[in-house]
Structures are given as C-alpha cells and as structure tokens.
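Asker: Could you work out the structure for the sequence below:
(2 chains)
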Protein chains: 2
Amino acid sequence: MRFFHYKRNNNALKITEKQSDTMTNKSWNVLVTGGAGYIGSHTVLELLQANFEVVVIDNFSNAYKGNDNIKPECLLRVEKLTNKTVTFIQCDVTNWNELKDVFKKYEFHSVIHFAALKAVGESCEKPLEYYKTNVCGTLNLLKVMKDFNVKRFIYSSSATVYGVPEKLPLVENMKTGDCTNPYGKTKYMVEEVLKDLCTSDKEWSVISLRYFNPVGAHSSGQIGEDPNGVPNNLMPYIAQVSVGKREFLYVYGNDYDTHDGTGVRDYIHITDLAVGHVKAMIYQKIRNSTGFKVFNLGTGKGYSVLEVIRAFEKASGQKIPYKIVERRTGDISASYADASLANKELNWQATKNIDDMCLDTWKWQQNNPNGYKC
Amino acid sequence: MRFFHYKRNNNALKITEKQSDTMTNKSWNVLVTGGAGYIGSHTVLELLQANFEVVVIDNFSNAYKGNDNIKPECLLRVEKLTNKTVTFIQCDVTNWNELKDVFKKYEFHSVIHFAALKAVGESCEKPLEYYKTNVCGTLNLLKVMKDFNVKRFIYSSSATVYGVPEKLPLVENMKTGDCTNPYGKTKYMVEEVLKDLCTSDKEWSVISLRYFNPVGAHSSGQIGEDPNGVPNNLMPYIAQVSVGKREFLYVYGNDYDTHDGTGVRDYIHITDLAVGHVKAMIYQKIRNSTGFKVFNLGTGKGYSVLEVIRAFEKASGQKIPYKIVERRTGDISASYADASLANKELNWQATKNIDDMCLDTWKWQQNNPNGYKC
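Answerer: Model (predicted):
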C-alpha cells in the first residue's frame, strides 16, 4: 500500500486544475507534520478513511514512540482501525536537511502542519523554544515546500490568536494579536507570515484553521489524547481524576463574568476537528482555491467548567471531586466561535455534542489509563 | 591588538556587578553582528573610540567584502580612522554551527545585533527570507547567547514597529504592531520575543533601539552608506543624483497632510545613532540594568522630502532635479520621535542637524562615488 510510485522524479507531472478536479483522493498525497500527536493522529485517521495517501512526520518531542521501530503506537492503531497504511518518518520540522530528504523522497500535493509546542504555561517559561519550534519550524517547512513547488498548506492555528475577545462569538475578521502568552503569539505570527506569503506569491493556497478547545477521543476508544505529565487542559485532567490517577480537579476561578462564574469555552470533539481538516483539503483540491483563508473550528456553543464536570459525571457515572482555586493569570473568562464561515465555505460543521465528547474521553481513558504506554 | 587572552576557557571568570563597575571599557568585549553594514560599521567606529574590544561578524549578504581576505573595506577604514583593531569573522547568524564557533572562540560581555535584511519593498516580495533572516536569525543568536550565558543584548529595532502612528511624536509606550510590511513585522516580532525572554529569565538585559531615519556618513567622509543597486531610501538616492549617477529623484506623493504635502521623517545622523548604541551599552554595563527596555533614537524633529532636497542642495552646491510621482503604498505621511526617554535614561541626544547630515553625505558620496568599490 505504500506509494513507491509517487517517488519524486525530476520530470514529475505538475497537477493542472482539470486533473486535480478529476483525481481521486487515492492519488492525493498529504504530508502531515506532527501526525503522531493528538490532533494529528485523529486527522490521519480521517484522511485515510477519505482515501487520501498520508505521510506522517513527527519528532516525538511530545508524542509516544512505542515499541515498534517503524511507527508510533497511535499510528499502528490508526492503521488497524482503518485497515489502511500510513507512511511514517521520524523528522524534526526545524531540521532543514531532514525535511528536504522527506520532500526528495515523496511528491506531496498538500501539507497539513500540526508540529508545534502547545503548552501555554511552558511557553512563558521557555519562549525561545516556542518561537524556534513554532515560528522557525513553520518557516523552514514553508521554505522547503516552496523549493519543491508544493504550495497547498493547512495550518494548525488557534482561537488564542484573538487575544482577549472584544465581543463574542469570535468571527474570523475580528482583530488578532495582543495575545496573552508566547504560545498564542507564535500562532499569530505564523498567520502573519502566511498572509504575507500569499500576498507575495499568488500560487499559494493556505488555510488557517483556528481551533477552539479540542477534546474527546475517537469513538472506538483506541486513540485519544495522551498528555505527558500533568495535563494542562481541563478534559484530560478530569479524565485522569475519573480513573483515580489524580485526586481532585482544580477549577481556576469561579468569579468570572459567566453564568456560573467559571470559565466558558467552546469545546469541540476531536473527530469533528479532524474532519474539518479533510474538508479544508478537499476545498483546496476541488476549488483549486488560492490565497490565505481563515476558518474557526468550534461548535459555536460555550460550556462552563462546572457544566463540563457535570457532563463528564453523567457520561462516566463517576464523581469528579474538584476544588475552586484562584484564577490563573492569562485566562480569559469566555470564548466561543462563530463557526458559520466554515459551514458555508467548507461545508463543515461540528456534529458531536458535549455528551459525546465526555463519553469518548471516558472510553479512551478507561481503555488506556496510562495512554499509549499501557 | 587581538584579544587572545579573552579566549574562552571552561573556568572563565563570571563578571560580578562590582567588577563590571570598575572595569575599563578595554576589557569589555562586544560582538557586533552585521558590523560590516552601514549602521554596524559606524557603531564599530564609535565602540573602538570608546575603547571597547569589538568582534564583528557579517555574512556579506548586503555589505561589500572588498579585496582584503581578512576584513571588509569598511572595517579597514574604521581601523585607520581609529588607529585600533577590530576582529572580523565571516559568519551567518542563521547558521547555528558558525555562530557557536564564534562564541566558543571569544568570551563576550554584550552583543549588538544589526544583522538583518532591511529593504521594505523587497520584504513584500520575499517575506519568507525576511522572516527567516530577521526573526529566526535573531532567535538563533539568542539561543547561542543563552547557551554561553551571554545575556546583554542591544537590538536594532525601527520606528516601523509603531505601524501607522495614532499621534505624533511617537513615544515608546505607544501601541506597536499592525505594521504595513513584512520588514516592519519582523522588527515587531523580535521585540515581542525579547519581551517574553526577559519575562521568563530575569538575568537578561535587553535594549531595543527604535531607529527613525538614519542618514549621513562619518564626518571624515571615509565610511558611509553603500547601497546595492538602486537605493531604497531618500538620502542615498539624492546623493547619487548629486554626483550624476542618477538623473532625477522621484518624490512619492505631494498630497500628504504635511506642511508642503511631501512625507515628513525624523532623519538622524548615523554618528548620533552609532553613539546611541555605545550609550546603551554603557547603561547596561554601569547600571547593571536588567529587563527589556526600549528607546527611540531620533532627533525629535521632522523634515519633509522637499526640505531635505533644499538642505542637500545648500550643502553640496548642486541642483537636485526631482519629479513628483504617485504615493508608494505603505508609506505613511509623517513620523517623528519623542526622544526624551533616551536623553533621560541613556544620557543621549542627537547633536547633528539636517545640514550636518547632508554635508557628510555629500562628502562621502564625492569621495566614494561608487561606495567602497572605488
């Protein structure tokens, strides 16, 4: 099933618009960076199910490598679930030579770029690493893409680019920047680079997907979020409390200007998010769209921390003990998306609700109390 | 005169605050990146005159290498003018290994970072190169500095970080960002990185100097601005018209909201600007200051294009023929600094007026009609 027939040769055929329209997904090769991570692995699964050919690169900085010498555990599971094959190469996007070798070996039609550092707190402690990996890693990738004339790019952006929301829901054309932490700034900076790139060269087709709060796991319970150490985000923390790995959940502040005082976020099921990437790629492929486009990926509905706790308790039948503590600096009170643009343009919308999110998280956590390591 | 005695050894003495206060500049080693460029070379001259030890690196991407195999022509002239020696190493700041070798060889107290791409128009055409060189090059340098525990940094920023001014004069605490071109964005992004770095690690001492419009040349007429190809900026263009290298000056727009309709800028003599760097470094050294600080370097006075033309005609005795043409996109109507903070904190202020700027430019241009190549 590996696509040796796609090995680059110097006379590689340039895909014309017409050809692109009529090609099946089968002959559409996608490079997925950071494809062994949480969002990456779920997206790879949806890409394979939509019959795309996928090459994953990952440097295992945050993903579990496992015992197989060829592929990480999560991708082995993806292959089992889909009965399809994915190509994996260990590669760091900040490494020019490694990346060039990947592009020499395979001819790609599109790149979906997840590889990045993602912990807000850590980004405040190690800003240079975040800027290097997230900004310079992306620049490195874009430069290699340009050199190999691969100009379709889907970028893993974030609702953090909006900074402190002026009003809600958040719409794509609202002001970005003024981010409260280096992580958010890296996402904002890369969006600015992508804008400038598309202005300078009209052949590029770039879609930036601004994720709200991805949670949940694949409905099989076989792949899910596998955080290293103490989880930074609410749902994996709740999940670890639910299986007794942690005693309490800390709720940071109950004096926000929200209906119950706890922070409100737009949680989106990881499978919905993954499908959003497939839709974005099909949009680029079918419409042969060029330029820089941005889409929110969220449900459009906000849930408070206390509501998420209750939903998780309902889904799992477990009590989630929690303690209200001080607000965390940098946290905003509420954030949720206007996701109508993605609906209109990409024909995408979230299909799963908070109960699905909690149920699938619970299933994954029960089956894999220690993540992929078990 | 080379400082072999400063070669790094593993037990290198850490400079304490007390020692720093009492050390002469003679034993204070400064790395100057991009030191063969226009602002770099003038700053090296002032550093040598203030008895600092200087190591210059440059990759000659925009500076003239000359015929000497060891040092570029501009630095040979700086040595003659000062009767002092500067160490030169050809090195690209985006190259990790090259940079590390420089830090292995010499022990630095401070770094002044000029190395960058600087043409606004070109940055719109080649944004990836600008982000790579200016942002990733700086990150590379900061990372090496951190690894070698060198934490004093003076950054070559620009008034472009203010974007379109809300009001004038521009004060350091005004809003930055919303820059009109990739060049300006790179300067803004690096300032954000530097802020985050100083927040994360309290040992860093970073000064960002926001230049207004550097013009002129050293009063000797021996070193000056040597642009490649068609000059992007007003003064070198005027200078080339004055010696007959170009027929006309193009004045971009005479319908701006200024007293004569042409764009108003805060021109600052290159020697004043260079001295600003020396003052900033002395400030870091003497006060043992830490954290992130920003200073405007300008005269505080704006001149229109027509006023600069008249001043140059007066200084040179030459007629400068010009043609009024359309505005350039991205150009703002007026920009000038409130430079009082640099005066108060760094004990710095511009001493040279527009006539000095024109006279010295004229002297340099007459002596060196083809720049350093003649």
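
Asker: Hmm, residue A:256 is touching residue A:328, no?
Answerer: No - with contacts counted by C-beta atoms under 8 Å, residue A:256 stays clear of residue A:328, the gap being 11.3 Å. All C-beta atoms are positioned from the backbone trio N, CA, C, and that covers glycine.

Asker: and residue A:32, how far is that from chain B?
Answerer: Distance, residue A:32 to chain B, using C-beta to the nearest C-beta, to the nearest Å: 21 Å.

Asker: What helix or strand is that residue located in?
Answerer: Per DSSP states H and E, residue A:32 falls inside strand A:29-33.

Asker: Check residue A:238 too.
Answerer: helix A:234-242.

Asker: out of residue A:256 and residue A:328, which sits in the busier spot?
Answerer: Comparing residue A:256 with residue A:328 by neighbour count (other C-beta atoms under 10 Å in any protein chain shown), the higher total belongs to residue A:256, at 19 against 12.

Asker: per-residue confidence for the more buried one?
Answerer: Per-residue pLDDT puts residue A:256 at 96.

Asker: So what's the gap between stretch A:220-231 and the chain middle?
Answerer: Centroid separation between stretch A:220-231 and its chain, computed with C-alpha atoms, centre = their mean, to the nearest Å, is 14 Å.

Asker: what's that stretch in contact with?
Answerer: A:38, A:41-42, A:45, A:62-64, A:74, A:77-78, A:80-81, A:215-218, A:233, A:235-237, A:240, A:270, A:360-361, A:363-368, A:371-373 (C-beta atoms under 8 Å, 6 or more residues apart in numbering or on different chains).

Asker: what do you get for stretch A:269-276?
Answerer: A:38-39, A:42-43, A:45-46, A:209, A:211, A:214-219, A:224-225, A:295, A:297, A:299, A:342, A:346, A:348, A:350-352, A:356-357, A:360.

Asker: So which bits of the stretch 101-250 of chain A are right by chain B?
Answerer: A:124-128, A:131-132, A:135-136, A:139, A:142-143, A:146, A:177-178, A:182, A:185, A:189, A:192-193, A:196-197, A:199-200 (C-beta under 8 Å from any C-beta of the partner chain).

Asker: now with 7 Å?
Answerer: A:124-128, A:131-132, A:135-136, A:139, A:142-143, A:146, A:177, A:182, A:185, A:189, A:192-193, A:196-197, A:199-200 (C-beta under 7 Å from any C-beta of the partner chain).

Asker: What about these, which are in helices?
Answerer: Using DSSP state H, A:124-125, A:127-128, A:139, A:142-143, A:146, A:182, A:185, A:189, A:192-193, A:196-197, A:199-200 are the members of these that sit in helices.

Asker: so what's residue A:5 scoring on pLDDT?
Answerer: At residue A:5, pLDDT is 36.

Asker: So residue A:103, which state does it fall into?
Answerer: helix (DSSP: H, G, I helix; E, B strand; the rest coil).

Asker: ok, so what distance separates the nearest residue to it once chain neighbours are set aside from chain B?
Answerer: The shortest distance from residue A:103 to any non-neighbouring residue, by C-beta to C-beta, 6 or more residues apart in numbering or on different chains, is to residue A:148 (4.5 Å). In this view, residue A:148 and chain B are 14 Å apart by C-beta to the nearest C-beta.

Asker: Wait, residue A:148 touches residue A:105, no?
Answerer: No - judged on C-beta atoms under 7 Å, residue A:148 makes no contact with residue A:105 at a distance of 10.8 Å.

Asker: more crowded one of the two?
Answerer: residue A:148 (18 against 14).

Asker: Strands along chain A, start to end?
Answerer: Counting by DSSP state E, chain A has strands at residues A:29-33, A:53-58, A:87-90, A:110-113, A:152-158, A:205-211, A:213-215, A:249-252, A:264-265, A:267-269, A:291-297, A:303-304, A:322-325, A:334-335.

Asker: Any chance of CSV for the ones you listed, columns mean neighbour count and mean pLDDT?
Answerer: Converted to CSV, the strands of chain A look like this (neighbours: other C-beta atoms under 10 Å in any protein chain shown; pLDDT from 0 to 100):
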stretch, mean neighbour count, mean pLDDT
strand A:29-33, 25, 98
strand A:53-58, 26, 98
strand A:87-90, 19, 98
strand A:110-113, 25, 98
strand A:152-158, 25, 98
strand A:205-211, 24, 98
strand A:213-215, 25, 97
strand A:249-252, 18, 96
strand A:264-265, 24, 98
strand A:267-269, 27, 98
strand A:291-297, 22, 98
strand A:303-304, 22, 98
strand A:322-325, 13, 97
strand A:334-335, 20, 96
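
Asker: for the ones you listed, which one sits closest to residue B:324?
Answerer: Nearest to residue B:324 among the strands of chain A is strand A:291-297 (34.4 Å), distances taken as C-beta to C-beta.

Asker: Contacts for the closest one, please.
Answerer: Here strand A:291-297 makes contact (C-beta atoms under 7 Å, 6 or more residues apart in numbering or on different chains) with A:170, A:172, A:194-195, A:198, A:205-212, A:268, A:273, A:276, A:337-339, A:341-342, A:345-346.

Asker: Report the angle between that strand and strand A:152-158.
Answerer: Here strand A:291-297 runs at an angle of 40 degrees relative to strand A:152-158 (axes from the mean of the first three to the mean of the last three C-alpha atoms, to 10 degrees).

Asker: between strand A:291-297 and strand A:205-211, how big is the angle?
Answerer: 20 degrees.

Asker: what residue ranges in chain A score low on pLDDT?
Answerer: Filtered on pLDDT under 70, chain A yields the residue ranges A:1-24, A:26, A:374.

Asker: Give me the distance between the residue nearest to the spatial centre of it and residue B:187.
Answerer: Nearest to the mean C-alpha position of chain A, counting by C-alpha atoms, centre = their mean, stands residue A:39 at 4.0 Å. Counting by C-beta to C-beta, to the nearest Å, the gap from residue A:39 to residue B:187 is 32 Å.

Asker: next one: residue A:313
Answerer: Residue A:313 is 51 Å from residue B:187, by C-beta to C-beta.

Asker: buried stuff in stretch A:241-259?
Answerer: Residues A:241-242, A:246, A:249, A:251-254, A:256, A:258 are the ones in stretch A:241-259 that count as buried (16 or more other C-beta atoms under 10 Å in any protein chain shown).
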